[in-house]
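build me a model:
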Amino acid sequence: MRHGKKTKKLGRTRSHRKAMLANMAASLFLYHVIKTTEAKAKEVKKLADKLITLAKRGDLHAHRQVYDVIKDRKLVKKLFDEIAPKLVDREGGYTKVLKLATRRGDGASLSVVKLLVERPPTEGKKGKKEKPKKEAKPKKEAEVKADKEKKMEEKAKEEPKEIKEEAKEFEVEEKAEETKGSEQPEQKET
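Residues are numbered from 1 along each chain as shown. Alright, predicted model coming up:
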């Protein structure tokens with residue numbers, strides 16, 4: 001019986017579970033948000049909170065303990081220099097788990113783990129800059145009426161041309177039928 005066992009196995013061996021949680025914690029510190037299943041999210045939250053508490057201590061032994069879990073020196077430096085100082089006034093609860101909908105493929109309940117630090121703007125990606133819109137000058141009523149009249153006149157000129165062309169085509173077709181009719185006498189149907 002598993003009395004008093006705190007860790008969830010997550011269907012993995014000890015080494016696989018340890019590596020997976022370390023990678024997820026590293027992603028959390030790098031991107032400030034990760035999306036995963038609910039069980040993994042709860043385990044990552046525990047690990048991330050422990051690592052941030054160590055980073056807040058800031059001594060050499062804490063550096064070595066954090067580096068034992070996260071093998072990326074730049075990320076450990078970021079954790080100690082950027083993330084931990086922002087969370088000095090907090091006594092715990094550095095991360096937040098928010099539940100999402102279930103995954104479509106297998107029905108697993110998904111969650112988002114957020115680091116409760118404002119995410120710095122990314123340098124590499126450029127967002128769309130909004131250009132100030134030019135304000136259209138309001139037209140005077142007389143100009144608006146003049147524009148409408150011009151459009152109506154143009155339409156009126158175009159319509160008769162189309163009608164005349166259709167009439168000419170119709171006349172040509174009638175003449176062609178008359179010439180055929182005069183060459184061949186009509187036959188009565190019985």
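
quick one: the helices in this protein, in order.
14-31, 38-57, 60-69, 73-78, 84-86, 141-183 (DSSP state H).

of the ones you listed, which shows the lowest average pLDDT?
Note on the helices of the chain: lowest mean pLDDT is at helix 141-183, with a mean of 66.

any buried residues in stretch 46-63, and which?
Using 16 or more other Cβ atoms under 10 Å as the test for burial, stretch 46-63 gives 47-48, 51-56, 62-63. C-beta: built from backbone N, CA, C; applies to glycine.

stretch 95-112 now?
95, 110-111.

coming back round to it: which one of the buried residues of stretch 46-63 is nearest to Ser27?
Relative to Ser27, the closest of the buried residues of stretch 46-63 is Ala48; by Cβ to Cβ it sits at 10.2 Å.

which residues touch the closest one?
25, 28-29, 94-95, 113, 115 (Cβ atoms under 8 Å, 6 or more residues apart in numbering).

over to Ala55?
By Cβ under 8 Å, 6+ apart, the residues touching Ala55 are 62, 66, 79-80, 83-84.

what about Arg17, how many neighbours?
17 (other Cβ atoms under 10 Å).

now the closest residue in space to it that isn't next to it in sequence: how far from Thr37?
Distances taken as Cβ to Cβ, 6 or more residues apart in numbering put Leu10 closest to Arg17, at 5.6 Å, once the chain neighbours are dropped. With the distance defined as Cβ to Cβ, to the nearest Å, Leu10 ends up 9 Å from Thr37.

between those two, who's got more neighbours?
Taking other Cβ under 10 Å, Leu10 and Thr37 do not tie; Thr37 has more neighbours (17 against 13).

for the nearest residue to that one once chain neighbours are set aside, give me the backbone phi and psi.
Counting by Cβ to Cβ, 6+ apart, Ala108 is the residue found nearest to Thr37 once chain neighbours are left out, at 5.0 Å. Backbone torsions of Ala108, given as degrees, to the nearest 10, read phi -70, psi 140.

my guess is Ala108 meets Leu100, correct?
No - using Cβ atoms under 8 Å, Ala108 is not in contact with Leu100; the gap is 10.4 Å.

could you chop this structure up by domain?
14-115, 140-182 (automatic domain parsing).

any idea which of the ones you listed is most buried?
domain 14-115 (a mean of 16; mean count of other Cβ atoms under 10 Å).

straight-line length of it, end to end?
End-to-end distance for domain 14-115: 25 Å, by Cα to Cα, to the nearest Å.

if we can go back for a sec, minimum distance to Lys5: which of the domains of the chain has it?
Taking Cβ to Cβ, domain 14-115 is the member of the domains of the chain nearest to Lys5, at 12.6 Å.

now tell me what touches stretch 3-19 from outside.
20, 39-40, 42-43.

got those residues as a markdown table, with distance to Arg73 columns?
Output for the contacts of stretch 3-19, formatted as a markdown table (distance: Cβ to Cβ, whole Å):
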| residue | distance to Arg73 |
| --- | --- |
| Met20 | 21 |
| Ala39 | 30 |
| Lys40 | 25 |
| Lys42 | 28 |
| Glu43 | 24 |
